[in-house]
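Student: Fold the following and give me the result.
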Amino acid sequence: MLEGRGIVRGLCLFGILGIVAVGTGCGELKKLRQENQQLNEQLSGLQQENAELSSKASRYENELNRLENSRRDLEAKLKGTGATVRIKNGAVSVLLPGAVLFDPGQTTLRPQSKATLKKIAGVLKTAASGEIVRIEGHTDSDPISKQKDKYKSNWELSASRSAAVLHYMVEECGVSPTRVYIAGFGQYQPMADNKSKTGKARNRRVEFVIVPKGGG
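Tutor: Numbers count the residues shown, from 1 in each chain. Predicted coordinates for the structure are as follows:
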């Protein structure tokens, strides 16, 4: 009789342990399912992010190709003018050395520069028709000495030079005044070291920047 009761107790205990084991297994399974769902959601998010990055990279590459094609086209059309065409901060820029346009410290256009400006104006009216063009003046780092009463700093000098170019292109070359504006950067956007004469000569320049649509 006692032996039978022991068997019954053993079976009951085994049953309880089985239920506990099954309950524990279900809890672990539920936890694993939740973790799997979270991983799937993370994977889906990463796949979407990867697709967006791929799309951005493709658009960026297309824009670079467009800019390079525009640069080559303008370079070919301006061959022989002394102008350099480059890509600058996401825009195509036509660069003219200051020595081509002005005598040292002056803001009056040199007579021999006007043929070059007419050619640039003609190209901008055709190859970049409808685009906004920023005419930038740049100087070296030498302080104003001879015309301190007229130009307080290189900012004023660079702005006056870009304004002289703008007036000539609008008034003599027929560029629409709604398409151009000026900027004077003084010595603060150098292309070379201002410690040498060669570097200073490179920094004295005027640039015609074809502003991307939506840019300023």
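Student: for the nearest residue to L124 once chain neighbours are set aside, what are its contacts?
Tutor: Nearest non-adjacent residue to L124, counting by C-beta to C-beta, 6 or more residues apart in numbering: V133, 5.9 Å away. Backbone N, C-alpha and C define where each C-beta goes, glycine included. Counting by C-beta atoms under 8 Å, 6 or more residues apart in numbering, V133 touches 124, 175, 179-180, 208-211.
Student: Most neighbours among these, which one is it?
Tutor: F208 (26 neighbours; other C-beta atoms under 10 Å).
Student: Tell me what that one is bridged to.
Tutor: V94, I135 (DSSP bridges).
Student: do the same with Y181
Tutor: Beta-bridge partners recorded for Y181 (DSSP bridges): R134.
Student: how near is V211 to V133?
Tutor: V211 sits 7 Å away from V133, going by C-beta to C-beta, to the nearest Å.
Student: residues shared between the contacts of those two?
Tutor: By C-beta under 8 Å, 6+ apart, no residue touches both V211 and V133.
Student: mean confidence for stretch 100-116?
Tutor: The average pLDDT for stretch 100-116 rounds to 93.
Student: going forward can the numbers begin at 4, since that is how I track them
Tutor: Got it, first residue is 4 now, which makes that one stretch 103-119.
Student: Pop the domain breakdown of the chain in here.
Tutor: The chain is divided into the following domains under automatic domain parsing: 4-72, 81-214.
Student: and the ones you listed, which is most packed in?
Tutor: Most buried of those by mean neighbour count (mean count of other C-beta atoms under 10 Å) is domain 81-214; its value is a mean of 17.
Student: and that one, how far apart are its ends?
Tutor: 19 Å (C-alpha to C-alpha, to the nearest Å).
Student: Which helix or strand lies directly C-terminal to the lowest-mean-pLDDT helix or strand in the chain?
Tutor: Sorted by mean pLDDT, DSSP states H and E, the helices and strands of the chain end with helix 5-80, the least confident at a mean of 77. Next in sequence after helix 5-80, counting helices and strands by DSSP states H and E, comes strand 87-91.
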